[in-house]
Every structure is written in C-alpha cells, then in structure tokens.
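Trainee: Any chance you can model this:
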Amino acid sequence: MTDRPLSWMLVRSEVRLGLWHINMHVLFNISVVVEKRGPAAASLAQRIHDTIYGRSSGTAGHAQALLLKPEQLIGFHTASQGWAIRACFLYTIREEKMEVIIGIDVSSQVLDACVLTGNQALLKSFTYTPIGCKQLLRWAASKKVTIGVLEATGGYEQRIKRLLLEAGVSVHIVNPVQIRHFAKGLGKQAKTDTIDAQVIARFGQVVPLPPIIPPSPIHQELKQLILRAIELKNMLKAEKNRTRFATGSALNSIQSTMLFLTTQIQFINHRINSLRLQDGSIAQQVDLLCQQKGVGVNTAITLIGLIPEIGRIDRRKITALVGLAPYSRDSGKLKGKRFISGGRANARHALYMPAWVAVKHDSEFKNFYLRLIDRGKTPKLAITAVMRKLLVRLNAMMRNHLTPLQEY
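Mentor: Numbers count the residues shown, from 1 in each chain. Reported below is the predicted structural model:
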C-alpha cells in the first residue's frame, strides 16, 4: 500500500470522493459518511460500496452509511447546490498476510489435523507414526501451511513439533485450558478430537501468539537433562523418606536404589556442565546471571534451560510465564485478593532459595522484603514478591546482554 492520494469522480459530478490508492489484496473496512441534502443517500452509499468492491477483486470488508447534517461535516465543501449529495470515505486499512494455519490435536496414536484457509476448514486424520507424520507434512505442504498450533499434551506433541519446525512451519504450543475455554466461548459444548483440531486452528487464527524461537539442539538437550535431574532428585527424596521404616532386605534395596540415583544425578550434572562449557553463549549467559547475589551456576543454567525466553520478552510476560504475576479478582465493590497462578513450576521453584539469599546479602532486596513485612504482608507473600523482583532483574540483565548482539 502506498500513501499517494488520488481523486476519483463517481459517475455524477456532484459526488466528489477523496480516496487513497488501495492494494487489491488488502483487507479493509469502509464507512461511508453521507451528508443528506436530498433523497436516496443510503442507496448512493450502497452503490459507492458496490463500485469500490467491484473494482477491488479479492477484497472483503464492510460498508456502513451514516446520514449526517451539513454542519457535522466540518472541513468539506460541496461544489454544487440543491440536490447535490456530498460523500467522503472514512476507512481503516489494515494490511494482512493471509496465513494458512494448521491445528493439530495430538494423542498417543492419532493426529487429527485441521487446515484453515480463509473461511474454509479442511480436516484429516493421520496415525502418529513416522509414516503418518510424513503424510501430514506432505499434506500441510500441499496446502502451503505457514503456522502450526498444537496443544501441550504431556510431551506427545514434541515429535510433531520438531518435524514441523524442520519443515519451516512456525509452531506454537498452547495451553489446553485456554483451548477449552475458547471452545466454550464459541458455543461448542461437545468435545471430540475433530472438534478440538478445528478449535485449535481457529484459536491460532484469532488469538495473537508470541513468536517462537526454535531452540538449538544443545538447548533441547540441556532442557531435557535439567528436567531429568529434577525427576531423579524427587525420586531420591522419596527413597530417603522410605528408609525411616524399612529394615533388612527392604532397606538394602532402598539403599541400592539411592546409590544408583545418586550416580545418575552426578552423571547428568556432569553432562550439563559439559554443555555449558561447550556452548560459548550459554557460558556467557551463566556468568552474567551469576553476577546477581543469590544466583549460582546451578540456578543460572536451570533458568536458561527452562526459560529460553529470558531477556527476549518484557517483565510482565516473563513473570506471567513463570507464574509469579499476581492476578486481580475484582468485581463491583468486591476487591479480592491477588494470587499467582499457572506458569512453569520448575523454574519458579528454582528462584525460591536464591530469593532468600538475595534478601540476606543484597540490601535492595532486603529493604524491599522488610517494607512488605512492615505493611503486614506474610513472609510467604513477601518472598514471592522478592522472587518476582529477582526474575525481573535477571530478565533485564539478560536483555541488556542480548540487545547489542541482536543489533550487531
């Protein structure tokens, strides 16, 4: 679209329109404002609309006629008297790239897919096997799919996500709770895999989704190792608790399991450290985060692995992503308590002890914590606020580190 103004006379000399040059493939809305000094103003507005849309093939929009008094049209002057009808176009032009979206409902054995092209929905099911995935990718390529939307399905979505990214499709993983609420908002009470695929695709069409930065193979392995280490630590804690009441052979079995788990944790920690040293950017980011009091190497690499968005989004988004954003619950005169909700629990847990260390050794965090306590806040609420403040600071530090690199 260019900003070169044009003048266009519509059949009758008494109607003068100031129009902008319009790209024929742009979606635009048109409101026709008509000053009525004679009959058939609305009919003229409709003819203007039909003429414009006849000239612009492939466009879509909406025309609305508003009958106004002459004094309401300040700044416009008619060139004729009597039955002259003056009209001007007030329109909003929004240039859009028509994306083709595929929504995929993922289960352990079947992939139900829905491709949206404009107002058309194409449905197809594939087996969740290597052959079925190739068939889905070929089908998506034939439809020129550019965006893929998947539900988080306990890890089942990871393989098809990786294949779509390798095929050049921008992939977004969305919360299943959001999808279900969105379906109810559309009036869909029934729930089947086919319906879910359509709703997922429609969700990706109307809801702005943040851009996805495809992780490198090292980042993918780092995240998996961090999550595996957390699982093993939880298993080791459970085995330690069982030693309280176990005796004899049962106790020997528990101790053997604990030894095995300890060995595995040490192996994974060694591999994580090797990845940190292997990738120069990860090592620099870890060193950067460790400059904050309370943040050690383990915390820094956990945050980098579990929050790859750190430094790339603003403070409100990062706190909501981790689950440290307080949400209001107000209605009318009711002023409800604020609570945090959702988010990445493992990343949030990794900030708990560093927050206490920051309160003890960083004067800014200490004063912040004490101010909250003096205002009657509970220690748990105050430390949660410190965790949020710590995350915001780490995000700002990482943003300042990444910005020069991006500009370069």
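Trainee: Okay, domains of this protein per the record?
Mentor: 5-94, 101-206, 217-278, 284-408 (automatic domain parsing).
Trainee: residue boundaries of the helices in the protein?
Mentor: Assigned by DSSP state H, the helices in the chain fall at 41-55, 130-142, 157-166, 176-185, 193-206, 217-242, 248-278, 280-289, 297-306, 315-322, 345-350, 352-361, 363-374, 379-407.
Trainee: out of these, nearest to Lys335?
Mentor: helix 379-407 (16.2 Å; C-beta to C-beta). C-beta here means a position set from N, CA and C on the backbone, and glycine is covered the same way.
Trainee: what is the rounded mean pLDDT of that closest one?
Mentor: Mean pLDDT, helix 379-407: 87.
Trainee: Stretch 351-365 now?
Mentor: Mean predicted lDDT for stretch 351-365 stands at 94.
Trainee: got the buried residues for it?
Mentor: Within stretch 351-365, the residues that qualify as buried are Leu351, Pro354, Ala355, Val357, Ala358, Val359, Asp362, Phe365, counting by 16 or more other C-beta atoms under 10 Å.
Trainee: which two in these are spaced the farthest apart?
Mentor: Leu351 and Asp362 (13.9 Å).
Trainee: For Arg180, which residues are in contact?
Mentor: Lys191 (C-beta atoms under 8 Å, 6 or more residues apart in numbering).
Trainee: Start the count at 519 instead of 1 going forward.
Mentor: New numbering, starting at 519: the last item is Arg698.
Trainee: That one and Gln784: what is the separation?
Mentor: According to C-beta to C-beta, to the nearest Å, Arg698 and Gln784 sit 42 Å apart.
Trainee: What of Phe778?
Mentor: Taking C-beta to C-beta, one finds Phe778 at 11 Å from Gln784.
Trainee: same deal with Ile678?
Mentor: With C-beta to C-beta as the criterion, Ile678 and Gln784 are 34 Å apart.
Trainee: out of those two, which sits in the busier spot?
Mentor: Ile678 (23 against 12; other C-beta atoms under 10 Å).
Trainee: how near is the more buried one to Lys709?
Mentor: From Ile678 to Lys709 the distance is 21 Å (C-beta to C-beta).
Trainee: How about Val692?
Mentor: Distance from Val692 to Lys709, by C-beta to C-beta: 16 Å.
Trainee: Between those two, which is the more surrounded one?
Mentor: Each of Val692 and Lys709 has its neighbours counted (other C-beta under 10 Å); Val692 has more, 18 against 11.
Trainee: Below-threshold pLDDT in the stretch 619-768 of the chain: ranges please.
Mentor: Applying pLDDT under 70 to the stretch 619-768 of the chain flags residues 636-637, 729.
Trainee: Glu675 - how many residues pack around it?
Mentor: When counting by other C-beta under 10 Å, one arrives at 20 neighbours for Glu675.
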